[in-house]
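In: Structure for this input, please:
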Amino acid sequence: MHLTSNPADWYAARAAGIAAYLVLSTVVTLGIAMGGKASIPRWPRFAVEDVHRFGGLLVGTFISIHVIAIAIDSFLPFTISELAVPFTAHYRPLPVGLGVAAAELLLALAITNRYRGRLPYVFWRRAHYLNFAIWLAATAHGVTMGTDRSAPWMVALYAVAVGSVSAALWWRVALARGAGWTRQASLLAGAGGAALVAFVALGPAAAHPKVWNAAAFSDTLNGRILSQQRASTAVVSMAGNGSGGQRVLVRADLLLTSTSSERTSLQIEYLPSGDRCLGTVDSVRPQGFDGTCHTSDGSQRRIHAQWRLVGQGALSGVVTSRSA
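Out: Prediction:
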């Protein structure tokens, strides 16, 4: 269970994922052009090959950052097994699984490239076609899972990437078959690919972002309680995750005496922004509390938490918030 968060983790995961996809699309486009004996003006072929190879290393680096940032981020806490085994994630298993599969296929392809000189050329050549599977899986992962997938700038990036790969692939196929109107057909294929991905990103796979730092929400609360009994008092600390319309981390320290309870600290942390609402617990119930907290902009919010114990100090309940 994550009890701390840092919005930098979330932003790093998003930025690295986008960068990895754009570099991957560039590498795939260059690979298609090289396979089709293309010549880039003023660029010798060895230079194109070096860019292609260096691009592959960049993709691997950005994907590593993307995965590590997601692993340590608390907005969508994944287990190690969920990040290693495709389609086992508790959250949106298909889109997440496509991303995991793309990363692992890329690793397999990197291994074949590392030992290219020891492998039969035919095997290496066929294995290299994994680039298309990786790119397709990465595209589907980003279009259906990416936080910014429906933002105009992100849709434009997807359209350019898909359009470029589609145009290059059509050009190579048409050139190999000696078909006429190669340039026109490639442009049409690129435009069609760009239009298709824009339709999917803005239509069936459109993102519906949650409210940022919602003042009013009601979410499922899961966490743990730690208590220390004394002669006449009990110190109770509860920490939990609220998951629902507004992801939050909840921390409250309760000091109970034999006749009353004292006002103690309360902290609500909103995810993924990392903004905090700090305050005090006003009243305590056997399995819950009410409190008041203030956000960084000065607004006041009333927090209500109610739970039941589910064994070994674990709790399950509901946390709600409203403007005071």
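
In: Give the closest residue to S316 in space, chain neighbours not counted.
Out: Spatial nearest neighbour of S316, chain neighbours left out: V310 (5.0 Å); criterion: C-beta to C-beta, 6 or more residues apart in numbering. Every residue, glycine included, has its C-beta placed from N, CA and C.

In: Please put the alpha-carbon coordinates of the host helix or strand of that neighbour into PDB.
Out: Using DSSP states H and E, V310 sits within strand 300-311. Extracted in PDB, the C-alpha atoms of strand 300-311 (Å, rounded to 0.1, in the frame of the first residue of the first chain):
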ATOM      1  CA  GLN A 300     -12.000  24.300   3.900                       C
ATOM      2  CA  ARG A 301     -13.400  20.800   3.600                       C
ATOM      3  CA  ARG A 302     -15.300  18.400   5.900                       C
ATOM      4  CA  ILE A 303     -14.100  14.800   5.900                       C
ATOM      5  CA  HIS A 304     -16.100  11.900   7.100                       C
ATOM      6  CA  ALA A 305     -14.700   8.400   7.300                       C
ATOM      7  CA  GLN A 306     -16.500   5.200   8.300                       C
ATOM      8  CA  TRP A 307     -15.100   1.700   8.200                       C
ATOM      9  CA  ARG A 308     -15.300  -1.900   9.500                       C
ATOM     10  CA  LEU A 309     -12.500  -4.100  10.500                       C
ATOM     11  CA  VAL A 310     -11.800  -7.000   8.200                       C
ATOM     12  CA  GLY A 311      -9.100  -8.700  10.200                       C
END
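
In: Tell me which other helices or strands the helix or strand following it touches.
Out: Moving toward the C-terminus from strand 300-311, the next helix or strand (DSSP H and E) is strand 314-323. Using 3 or more C-beta pairs under 8 Å, 6 or more residues apart in numbering; DSSP states H and E, the elements in contact with strand 314-323 are strand 217-229, strand 233-243, strand 248-257, strand 300-311.

In: Show me what counts as buried in strand 314-323.
Out: By 16 or more other C-beta atoms under 10 Å, the buried positions in strand 314-323 come out as L315, G317, V319, S321.

In: Just name the shakiest helix or strand of the chain by mean pLDDT.
Out: strand 261-262 (a mean of 56; mean pLDDT, DSSP states H and E).

In: in its sheet, what does the helix or strand following that strand sit against?
Out: Once strand 261-262 ends, the next helix or strand along the chain (criterion: DSSP H and E) is strand 264-270. Here strand 264-270 has these sheet partners by DSSP bridges: strand 248-257 (antiparallel), strand 276-285 (antiparallel).

In: ok, now how distant is the residue nearest to L309 when sequence neighbours are not counted from A215?
Out: Using C-beta to C-beta, 6+ apart and skipping residues adjacent in sequence, the residue nearest L309 is L315, 5.8 Å away. Here the criterion is C-beta to C-beta, to the nearest Å. By it, L315 lies 24 Å from A215.

In: same thing with A102?
Out: For A102, the distance to A215 - C-beta to C-beta - is 38 Å.
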